[in-house]
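Student: no sequence on this one, just coordinates:
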């Protein structure tokens with residue numbers, strides 16, 4: 001925006017008077033004088049209606065040839081007078097002079113000659129002072145008019161001032177950063193409106209060696225206006241701060257006013273003037289920092305993590321602690337340069353603390369490195385092996401394995417003759433257990449734990465082993481202690497266990513199992529193994545106990561059964577006896593067999609007379625009986641025709657015979673004595689059962705077995721004497737021929753004979769079966785013979801009679 005300034009004549013006069021008094025009363029500087037000369041030329045390129053004439057001007061110059069311009073229109077120009085300097089014009093006139101001739105060339109002002117440029121500049125001064133009104137001026141030269149407008153426009157739109165200023169930037173507190181051998185500040189610039197000048201930088205509290213350098217690093221004391229500078233502080237300097245101050249000698253152009261006489265107008269000349277400017281203090285600081293790195297290794301230079309170090313200054317001020325990372329490195333950054341003491345306060349896990357301090361020098365921008373070595377912690381495990389029953393008995397040759405927390409085996413060794421094993425081990429937690437027991441001792445399966453925490457620590461353990469107990473077993477029949485048994489639905493095998501080297505006062509469990517010797521597999525009865533167990537407390541180291549196996553032995557004839565035994569304590573087997581070939585553990589179930597032969601005791605034949613007293617002798621041949629055992633043979637007579645027990649007088653015919661087997665295979669004789677008068681034509685079979693301890697162990701009961709069978713003969717028919725006086729009875733004879741038609745040899749004919757005997761039971765009431773070879777009464781034999789003879793004669797006679805009739 002163009003600013004137009006118009007002043008009245010009265011205002012101009014008043015302003016001139018004020019300027020005069022100001023220059024007299026308040027001089028800007030010591031009074032000086034300047035001779036102004038003029039070079040007259042009359043050029044009329046503008047007409048002023050205000051004054052009613054052409055505006056004319058002259059060239060004014062001082063002694064040095066600098067152009068001067070008139071400040072009061074209408075007065076006489078100085079011509080050789082010595083005019084005193086009274087100060088400066090205002091900045092408006094100053095800006096006109098800066099933008100007019102000769103500061104700007106004619107070409108820059110858009111005119112052809114310097115005279116036009118000079119004329120346009122003079123008109124612009126009078127217009128700026130309000131002595132001419134630009135709107136009233138009538139220009140006769142277009143170039144001059146354009147130049148006046150250009151000068152006025154530039155003066156109105158710039159802010160140039162005659163006051164000189166100086167600023168140093170940046171003004172805020174700056175940190176000097178390390179760059180090579182120096183802490184270096186940012187670039188400082190001195191800003192000023194002075195045309196030219198120089199400056200110097202003064203430092204306060206700067207370390208020795210601090211210097212001021214150009215932006216390119218050249219050290220200088222005096223700088224020209226427009227140059228920049230930096231401050232460099234030696235990096236060996238400790239952290240601190242300094243202040244700097246810039247003092248500048250500046251030169252600038254002033255529109256100097258020379259006071260004319262009463263009739264001679266004032267003049268102004270653009271002249272260079274110098275003055276000194278001093279900046280405010282500017283603060284600079286720096287941090288002299290370095291770093292510390294500690295490396296922790298073991299004796300093999302392997303990095304160690306976890307160590308903690310304390311860092312102290314030379315005056316024992318604690319700077320804090322640092323901890324090793326997993327690479328074995330700990331660092332402390334940005335610490336003040338100087339001497340420090342490093343001390344380990346916590347060692348890596350498993351290593352001995354290094355109690356020797358180290359001194360280190362920290363330098364600016366550098367990392368001081370030290371290496372600290374630690375020795376591993378080693379301790380010792382001492383195991384003493386003793387007898388559990390007597391701790392004074394030391395056991396050699398026990399072997400142990402040591403394992404770390406990961407389960408890896410790290411050591412292995414045996415106890416010496418004194419029963420001691422020693423193991424050198426590093427820091428950590430361990431377990432160990434016995435892997436080989438001393439001879440005659442049971443392996444201790446317990447796993448023991450221990451820990452090595454201190455260097456030189458000795459961990460002592462005592463491990464007790466118990467002797468391996470031994471057992472000797474003897475299996476027998478509980479009833480009589482025999483090694484052979486008969487089978488039955490309930491048998492009991494007793495196993496007597498003699499033990500040795502048990503721990504007195506400890507509870508033990510005997511567990512037994514029956515084994516089938518032939519298959520070497522557990523004996524299974526009714527789908528289950530035959531087992532038993534018994535718990536007892538050992539009252540003495542050596543003793544005995546017993547186990548009973550009661551079970552159904554049916555069907556086990558001919559088998560050999562072996563008893564296996566285990567001794568348990570605290571849920572573990574401490575000893576066992578399991579020898580399938582041990583005879584002492586073996587029981588044999590015998591398979592007895594009987595074969596009987598029944599005969600007529602009288603003559604050993606297989607036939608007997610049906611009479612009141614007969615004796616059947618049954619010879620029982622036995623096999624695989626148990627020698628020394630008592631057996632009972634129970635015999636019974638069976639009617640072969642009915643396969644039912646034979647009954648005499650309402651009672652079965654039975655007999656028992658008790659004997660003790662003197663040998664494995666033998667013969668026992670059983671006699672059946674009874675009344676057999678009614679058994680004519682009968683076949684009788686002898687059944688035999690053999691018992692041992694009321695248990696049936698053998699039987700022979702085959703109804704078709706001829707060896708067991710005897711036959712009772714048919715009684716012969718006695719012939720009757722002929723009676724002559726009885727011919728009348730001959731009609732009855734024809735009935736007789738029907739009887740011979742069934743053959744006498746057939747069993748069916750014997751049935752009526754048995755029934756006839758049964759209809760006369762009183763005849764044999766007094767006869768009971770007896771055992772033992774009693775001789776029959778001979779009278780009965782004679783009577784029987786006579787009856788048979790008479791029966792035969794009657795039969796012959798009847799036969800002859802039948803032939804005659806035919």
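Tutor: Everything's here; your move. Fair warning: this is a prediction, and the values are worked out from it, not measured in the lab.

Student: count of residues packed around the residue nearest to residue 328 when sequence neighbours are not counted?
Tutor: Nearest residue to residue 328, sequence neighbours excluded (CB to CB, 6 or more residues apart in numbering): residue 303, at 2.7 Å. In short, each C-beta sits where N, CA and C put it, glycine included. Using other CB atoms under 10 Å, residue 303 is surrounded by 15 other residues.

Student: shouldn't residue 303 be in contact with residue 329?
Tutor: Yes - counting by CB atoms under 8 Å, residue 303 touches residue 329, with 7.4 Å between them.

Student: who touches both of the two?
Tutor: Residues touching both residue 303 and residue 329 (CB atoms under 8 Å, 6 or more residues apart in numbering) are 295-296.

Student: what about the longest strand belonging to the chain, distance to the chain center?
Tutor: In the chain, ranked by residue count with DSSP state E as the criterion, the top strand is strand 240-258. Chain-centre distance of strand 240-258: 78 Å, with CA atoms, centre = their mean, to the nearest Å.

Student: Give the partner strands of it in its sheet and their orientations.
Tutor: According to DSSP bridges, strand 240-258 forms sheet pairs with strand 81-88 (antiparallel), strand 196-204 (antiparallel), strand 267-278 (antiparallel), strand 282-286 (antiparallel).

Student: For that strand, give the mean pLDDT please.
Tutor: The average pLDDT within strand 240-258 is 91.

Student: before we move on, what about stretch 703-712?
Tutor: 92.

Student: what does stretch 517-537 give?
Tutor: 93.

Student: List of residues touching that stretch?
Tutor: With CB under 8 Å, 6+ apart as the criterion, stretch 517-537 contacts 505-516, 545-549, 551-553, 559-562, 580, 586.

Student: follow-up on the earlier one: give the bridge partners for the residue nearest to residue 328, please.
Tutor: Beta-bridge partners of residue 303, as defined by DSSP bridges: residue 297.

Student: returning to that earlier point: and the strands paired with strand 240-258 as JSON lines, adding mean pLDDT, mean neighbour count and distance to residue 608?
Tutor: Below are the strands paired with strand 240-258 laid out as JSON lines (pLDDT from 0 to 100; neighbours: other CB atoms under 10 Å; distance: least, CB to CB, whole Å):
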{"stretch": "strand 81-88", "mean pLDDT": "87", "mean neighbour count": "19", "distance to residue 608": "188"}
{"stretch": "strand 196-204", "mean pLDDT": "94", "mean neighbour count": "17", "distance to residue 608": "163"}
{"stretch": "strand 267-278", "mean pLDDT": "84", "mean neighbour count": "18", "distance to residue 608": "172"}
{"stretch": "strand 282-286", "mean pLDDT": "95", "mean neighbour count": "20", "distance to residue 608": "150"}
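
Student: Can you list the low-confidence ranges for the chain?
Tutor: 1-33, 41-42, 716-782, 784, 787, 794, 799, 801-806 (pLDDT under 70).

Student: let's see 80
Tutor: 1-34, 36-38, 40-44, 271, 715-788, 791-792, 794-806 (pLDDT under 80).

Student: Give me the domain ranges for it.
Tutor: 9-156, 166-286, 289-373, 378-465, 470-589, 593-712, 727-766+778-802 (automatic domain parsing).

Student: Let's have the strands paired with strand 240-258 in CSV, adding distance to residue 176.
Tutor: CSV is the format used below for the strands paired with strand 240-258 (distance: least, CB to CB, whole Å):
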stretch, distance to residue 176
strand 81-88, 42
strand 196-204, 12
strand 267-278, 23
strand 282-286, 4
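
Student: now the residue nearest to the spatial centre of the chain, what's its secondary structure?
Tutor: Taking CA atoms, centre = their mean, the centroid of the chain lies closest to residue 406, which sits 11.4 Å from it. Under DSSP: H, G, I helix; E, B strand; the rest coil, residue 406 falls in the coil class.

Student: I'd like to know how far it sits from residue 706.
Tutor: 87 Å (CB to CB, to the nearest Å).

Student: Could you do residue 581 as well?
Tutor: 45 Å.

Student: what do you get for residue 72?
Tutor: From residue 72 to residue 706 the distance is 190 Å (CB to CB).

Student: ok so, going back, for the residue nearest to the centre of the chain, what are its contacts?
Tutor: Counted by CB under 8 Å, 6+ apart, residue 406 has zero contacts.

Student: Now for the closest residue to residue 165 other than its chain neighbours: which residues touch it?
Tutor: Among residues not flanking residue 165 along the chain, residue 193 sits closest, at 5.8 Å (CB to CB, 6+ apart). Each residue near residue 193 by CB under 8 Å, 6+ apart is listed here: 160-161, 164-165, 252.

Student: Adding neighbour count and distance to residue 478, write the residues you listed out as a markdown table.
Tutor: Formatted as a markdown table, the contacts of residue 193 follow (neighbours: other CB atoms under 10 Å; distance: CB to CB, whole Å):
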| residue | neighbour count | distance to residue 478 |
| --- | --- | --- |
| 160 | 15 | 141 |
| 161 | 13 | 140 |
| 164 | 20 | 138 |
| 165 | 12 | 133 |
| 252 | 21 | 141 |
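
Student: These in strands, which ones?
Tutor: Checking the contacts of residue 193 against DSSP E, those in strands are residue 252.

Student: Would you tell me which one of the contacts of residue 193 comes nearest to residue 204?
Tutor: residue 165 (23.5 Å; CB to CB).

Student: thought the closest one was touching residue 192?
Tutor: Yes - under the criterion of CB under 8 Å, residue 165 is in contact with residue 192, at a separation of 6.2 Å.

Student: okay, and the common contacts of the two?
Tutor: In contact with both residue 165 and residue 192: residue 277, using CB under 8 Å, 6+ apart.

Student: re the thing from before, buried ones among the contacts of stretch 517-537?
Tutor: 508-516, 545-547, 549, 551, 553, 559-562, 580, 586 (16 or more other CB atoms under 10 Å).

Student: Mind checking which of the residues you listed land in strands?
Tutor: Using DSSP E, these in strands are 508-516, 545-547, 549, 551, 560-562, 586.

Student: Look up phi and psi at residue 568.
Tutor: In terms of degrees, to the nearest 10, the main-chain angles of residue 568 are phi -110, psi 150.

Student: How about residue 401?
Tutor: The phi/psi pair for residue 401 (degrees, to the nearest 10) reads phi -120, psi 140.

Student: Let me see the ranges of the strands in the stretch 251-400 of the chain.
Tutor: 267-278, 282-286, 289-297, 308-313, 318-323, 329-336, 338-346, 358-362, 367-373, 378-387, 399-404 (DSSP state E, counting those that start in this stretch).

Student: Adding distance to residue 197, write those strands out as CSV.
Tutor: Putting the strands of the stretch 251-400 of the chain into CSV (distance: least, CB to CB, whole Å) gives the following:
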stretch, distance to residue 197
strand 267-278, 8
strand 282-286, 19
strand 289-297, 39
strand 308-313, 48
strand 318-323, 49
strand 329-336, 41
strand 338-346, 43
strand 358-362, 44
strand 367-373, 46
strand 378-387, 80
strand 399-404, 82
